[in-house]
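Q: mind looking at a prediction? Sequence and model below.
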Amino acid sequence: MAKRKFKETKANIKKMWQKAKEQVEETPDFLANLEDGRYLAQLTDYSIKDSATERAWHYMEWVWEVTEGDSEGESIYKRIGLETEDNLAFLIRDLNRLGVETDALEINDEDDLEEVTKELIDQKVQARLRLKTNDDTGYQNVYIDKLIEKEDAEEEEEEAHHK
């Protein structure tokens, strides 16, 4: 029985190898390039993508740049699913934390989501982000803890230099 299973695996290795390569491309190392912890960061870019793996899913990716400390200039990538009501509920919570009035916001399609994100980038929005690696999956989650107003960011930066 074990010999037969090995032959089946051996015969499928080319196919499995290609799928594994696609999976690695989909979850590159940059997703966990920083240690777990809290970071002050500015939203600098975004994209809307479809995954390249067999487990196809549609998501928005926000790119945050760390603006203080030893990791200044490093990027943090936050992925937000766009497939389910639960995914969109997480997005609404994140937008609320960033000061967006979502009660009055009408979202009819992805163009509307892109417009809201572009406005946040234009406003040079900064937030306190928290990175936490999931012990089960090894995937590093990115949480938006709070919006940092420009005055607050300057105070926090000044405090960090005095420590």
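A: Good, I have the coordinates. Residues are numbered from 1 along each chain as shown.
Q: ok, and the closest non-adjacent residue to Leu91?
A: The shortest distance from Leu91 to any non-neighbouring residue, by C-beta to C-beta, 6 or more residues apart in numbering, is to Ile80 (5.0 Å). Glycine gets a C-beta too; all of them are placed from N, C-alpha and C.
Q: for the one you found, name its beta-bridge partners.
A: Following DSSP bridges, Ile80 is listed with bridge partners Met60.
Q: ok, Val142 next?
A: Leu131.
Q: quick check: it touching Tyr77?
A: Yes: using C-beta atoms under 8 Å, Val142 makes contact with Tyr77 at a distance of 7.4 Å.
Q: so, low pLDDT: which residues of this structure?
A: Within the chain, the ranges that satisfy pLDDT under 70 run 1-14, 16-32, 52-56, 151-163.
Q: which residue ranges of it form helices?
A: Secondary structure of the chain (DSSP state H): helices at 2-26, 85-97, 110-122, 150-162.
Q: still on that earlier bit, between Val142 and Tyr77, which contacts overlap?
A: Trp64 (C-beta atoms under 8 Å, 6 or more residues apart in numbering).
Q: comparing the two, which shows the higher neighbour count?
A: The residue with more neighbours, out of Val142 and Tyr77, is Val142; 20 against 17, by other C-beta atoms under 10 Å.
Q: give the partner strands of the top strand by length along the chain in its sheet and their orientations.
A: In the chain, taking DSSP state E as the definition, the longest strand is strand 37-50. According to DSSP bridges, strand 37-50 has the following sheet partners: strand 58-66 (antiparallel), strand 126-133 (antiparallel).
Q: reformat those as TSV; add distance to Ser51 and mean neighbour count.
A: Putting these into TSV (distance: least, C-beta to C-beta, whole Å; neighbours: other C-beta atoms under 10 Å) gives the following:
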stretch	distance to Ser51	mean neighbour count
strand 58-66	7	18
strand 126-133	20	18
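Q: format those as CSV; extra columns: distance to Lys15.
A: Formatted as CSV, the strands paired with strand 37-50 follow (distance: least, C-beta to C-beta, whole Å):
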stretch, distance to Lys15
strand 58-66, 25
strand 126-133, 30
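Q: circling back to that earlier point, the residue nearest to Leu91 and Asn141: what is the separation?
A: Here the criterion is C-beta to C-beta, to the nearest Å. By it, Ile80 lies 11 Å from Asn141.
Q: higher neighbour count, these two?
A: Comparing Ile80 with Asn141 by other C-beta under 10 Å, the one with more neighbours is Ile80, at 19 against 14.
Q: distance check, that one against Asp103.
A: Counting by C-beta to C-beta, the gap from Ile80 to Asp103 is 19 Å.
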